[in-house]
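K.L.:
One predicted model, sequence on top.
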Number of protein chains: 2
Amino acid sequence: YSKIKAMQKNFLFMLALTLIAFFTACVAIFIDVVAYNMIKYKKVLIFMIENPYLGCFVWVLISVVFICCATSFGYFIAPEIDGSGIPEVKGILSGVELPKYLSMKTLICKIFGLICCSGSLSIGKEGPHVHLAAIVAYRVLKMKIFEPLKEHPGVQTRIMESSVAAGVAAVMAAPLGSVFFSMELTATFYMIHNVYLALYCGVLSAFFLQWYRLLGLTEVINSTDIPEGFNNYDLILFSLIGLASGIIGVLFTSLTKFLVISRSKKRIPWLHRRFRYAIFMTTLYSTICYVFPFMMLNAKQVFNQLFVNGDLGNTWSYFGVAGSLGVFISLKILFTATSTSVQIPGGVFLPILICGAAFGRLIHMISYSFGGIANASMYAAVAGGAFISSTCHSLSVGLIIFEMTGQIHYVVPMLLAVIISYSIGCSLGLNIYDAMIIVK
Amino acid sequence: YSKIKAMQKNFLFMLALTLIAFFTACVAIFIDVVAYNMIKYKKVLIFMIENPYLGCFVWVLISVVFICCATSFGYFIAPEIDGSGIPEVKGILSGVELPKYLSMKTLICKIFGLICCSGSLSIGKEGPHVHLAAIVAYRVLKMKIFEPLKEHPGVQTRIMESSVAAGVAAVMAAPLGSVFFSMELTATFYMIHNVYLALYCGVLSAFFLQWYRLLGLTEVINSTDIPEGFNNYDLILFSLIGLASGIIGVLFTSLTKFLVISRSKKRIPWLHRRFRYAIFMTTLYSTICYVFPFMMLNAKQVFNQLFVNGDLGNTWSYFGVAGSLGVFISLKILFTATSTSVQIPGGVFLPILICGAAFGRLIHMISYSFGGIANASMYAAVAGGAFISSTCHSLSVGLIIFEMTGQIHYVVPMLLAVIISYSIGCSLGLNIYDAMIIVK
């Protein structure tokens, strides 16, 4: 009889994980499709307007309206939706009771807030999806059928830890990397048996995502075709990239921290009110996006262009390729920091990743004169990983990039840069999540 | 002052890890080069002899002499060298005191024993390299300069856990996979900060290996060129592969366990004496290798042939391709089990991996009639991973295969098969390492 009960429990466990993976994937797909179409029609509308000044005005206006919606969700309904949510999930998993962060209201507001924000400010979706996955997991476990699971203390935490992997996998389609990421994020001591659960959750979620991608409803990140081969000169440059990325990552975190503290302490009273600040930053960002063609691309498009093996397109010839890349990096870092300081849902993963990729391509331009033979796309991938690794203190990012691009032959350059950047990031400052916890 | 001391300690930590990675890579390279040349000259000698019967006799004789050497090392000098050593390393890391397993004598005997065995019996090198890396780590920590590190209890264990990653990376050139593997192998609860140390160790060791490979002194595992794309029919077949692999893996473990117990209890008195058994098995295996051309290939060659995108070469037309693959799988599984039961150094990883790859190619032959579109090499990779996953209870094998082959776009099929096979392996039996511990 006890054997039957154990089997029943195992079955419930698996059922819970399956449902979590399924619903998480559904949420991710819903956000993706709606946001994609919204941005598409916004762009269509702008291109129909012939007068550039009027076009700019309409463009900014639409963005501001959307951001106001997202800000209102947070202000009037659920203040828990602000930011990436990763710091709160970390707190919940280590035992802090934050039931409001796991409510249905938060889930729905965060979904629509995220849709409103994408395309209007420079934000990433990875962090919010981790939060959404955690809410989905909590809600699934609240179902009546899963009551027998609650007898064991700790089961809920284990399942919620696994759901983090589902959240990451649902955005990035990187199941292995997502498991590693969830380990780094959620635990100091990790229970190895959980790898199995997290992997199950992550794979299923990536699996649903893959099916949906076959429908062709949205843009996807293309797999790359990076040629193999690098030499010792490249490796030296990759180490230098690691070094520089480490420092830039720390500077980015400090800048973000400074902006968030300034905003929350209302240092500039006429600016730092909730709505005014959001509107001001959106106006600034949207205007700049309208002016520079390479800023108007969304993150996935930039990713696909920077990771492509060969020359960059016309979009990047505005200031010459090097100039455009330089302007892009500075503006993107600045606006990712300001976007994070605005009280809306949003993370930093993909924006920082593409900053890094642009930095890598910039370094690649001088690599020939140092004797390097590696391709520009390899430089982009390595520097992208290094930027994240010092900002988020995450070593799993290498794996996530490998899975996103479908190639893994440049493990050694990637890990070299990532480890150097990680060491610098860890020794000079906090990661962005812990910094946000302290600020709050 | 205490800050200086902390920095000094950090420096020592890193120095220790660097030395461990370096020496582990040196050991791996030494074994690789010597074994490769020995097997090469053995084959050259055989091809010079025109009479096939005389050739067979000389071939078997050489193998037997080498195996006798390896057996003598274990019998007369260091009985600790037998088997893969992974069970013992697991024991040591969980606190069992086995100082003999970490002595210099064991290191040297295991190195030469491993060289003698490769090419004469069906053994893998991964397990022994984990053991060798652990010895290297222990020896490095015994150096006088590292005495300050011993003040902290647990530091030694942490460094030795990281060395496992160096050992795996030095054979497979798969630093990320090796870290994951070391986590699964060494801990129930894993200290996440150790990921950083293990990764450092693994990357450095893979880095040295890559430099050495540039010299072209040995065969390497080629990176693959698996075309992207699979459909739902393929996924069904991949699940079935996972199912079948799970069962075959459990059968393999049971067979090995049975053979080892029979041998250690000397059930057949005239056969089960140490040297007689080794000589008998070597004679049998060598004769069969001489008869079937596809059995004479070494593991790396088989790997490269099975993972290639396209038809198999002439070697595999002996019984027709399907027949040859079938015979290969049965013989290889049988002889890997018998080789494990002989008292010599040797693991099972690569032999079982290539059995799986052959199984995958076999299933691929019928995939067209089921509507599958995936390539034979993808089937080989997936089934290879699934075989290991049920035998060794390791989920990291997927990652290791991705890194070995340089492609990662088939994450979902791979993990699907690996997880199914892992679940079956875990629910039906022990993994091969734990089985060996219990037998001992």
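P.N.:
Right, received. Where do you want to start?
K.L.:
for chain B, what are the nearby residues on chain A?
P.N.:
Residues of chain A lying near chain B by CB under 8 Å from any CB of the partner chain: A:174-176, A:180, A:183-184, A:187-193, A:195-196, A:199-200, A:203, A:206-207, A:210, A:223, A:228, A:395, A:398-399, A:402-403, A:406-409, A:411-412, A:415-416, A:419, A:422. C-beta coordinates here come from the backbone N, C-alpha and C atoms, glycine included.
K.L.:
Just the buried ones among those, please.
P.N.:
A:174-176, A:180, A:183-184, A:187, A:190-192, A:195-196, A:199-200, A:203, A:206-207, A:210, A:223, A:395, A:398-399, A:402-403, A:406-409, A:411-412, A:415-416, A:419, A:422 (16 or more other CB atoms under 10 Å in any protein chain shown).
K.L.:
Could you report the pLDDT at A:Lys42?
P.N.:
Per-residue pLDDT puts A:Lys42 at 89.
K.L.:
Counting neighbours, what do you get for it?
P.N.:
Counted by other CB atoms under 10 Å in any protein chain shown, the residues lying close to A:Lys42 total 17.
K.L.:
That one contacts A:Ile62, doesn't it?
P.N.:
Yes: counting by CB atoms under 8 Å, A:Lys42 does reach A:Ile62; the two are 5.7 Å apart.
K.L.:
From the residues of chain A next to chain B, which land in helices?
P.N.:
A:175-176, A:180, A:183-184, A:193, A:195-196, A:199-200, A:203, A:206-207, A:210, A:398-399, A:402-403, A:411-412, A:415-416, A:419, A:422 (DSSP state H).
K.L.:
what's the angle from the helix or strand containing A:Gly360 to helix A:397-405?
P.N.:
Following DSSP states H and E, one finds A:Gly360 within helix A:349-370. Here helix A:349-370 runs at an angle of 90 degrees relative to helix A:397-405 (axes from the mean of the first three to the mean of the last three CA atoms, to 10 degrees).
K.L.:
For helix A:349-370, enumerate the helices and strands it packs against.
P.N.:
Applying 3 or more CB pairs under 8 Å, 6 or more residues apart in numbering or on different chains; DSSP states H and E, we find helix A:349-370 packed against helix A:126-142, helix A:232-264, helix A:299-306, helix A:320-341, helix A:376-392.
K.L.:
mind checking which helix or strand of chain A has the lowest mean pLDDT?
P.N.:
strand A:189-191 (a mean of 76; mean pLDDT, DSSP states H and E).
K.L.:
name the helices or strands packed onto that one?
P.N.:
Against strand A:189-191 (3+ CB pairs under 8 Å, 6+ apart) you get strand B:189-191.
K.L.:
Relative to the strand it packs on, what are the paired strands and their orientations?
P.N.:
Sheet pairing of strand B:189-191 (DSSP bridges) gives strand A:189-191 (antiparallel).
K.L.:
Which residues are in contact with A:Gly85?
P.N.:
With contact taken as CB atoms under 8 Å, 6 or more residues apart in numbering or on different chains, A:Gly85 is in contact with A:Tyr101, A:Lys110, A:Gly127, A:Pro128, A:Val130, A:His131, A:Leu132, A:Ala134, A:Pro345.
K.L.:
And it, its phi and psi?
P.N.:
phi 90, psi -10 (degrees, to the nearest 10).
K.L.:
For it, which non-adjacent residue is spatially closest?
P.N.:
For A:Gly85, ignoring the flanking residues on the chain, the nearest one in space by CB to CB, 6 or more residues apart in numbering or on different chains is A:His131 at 2.6 Å.
K.L.:
Kindly tell me how buried that neighbour is, as a neighbour count.
P.N.:
So A:His131, with other CB under 10 Å, has 29 neighbours.
K.L.:
same deal with A:Ala278?
P.N.:
By other CB under 10 Å, 26 other residues sit near A:Ala278.
K.L.:
measure it to A:Cys289 for me?
P.N.:
Counting by CB to CB, to the nearest Å, the gap between A:Ala278 and A:Cys289 amounts to 16 Å.
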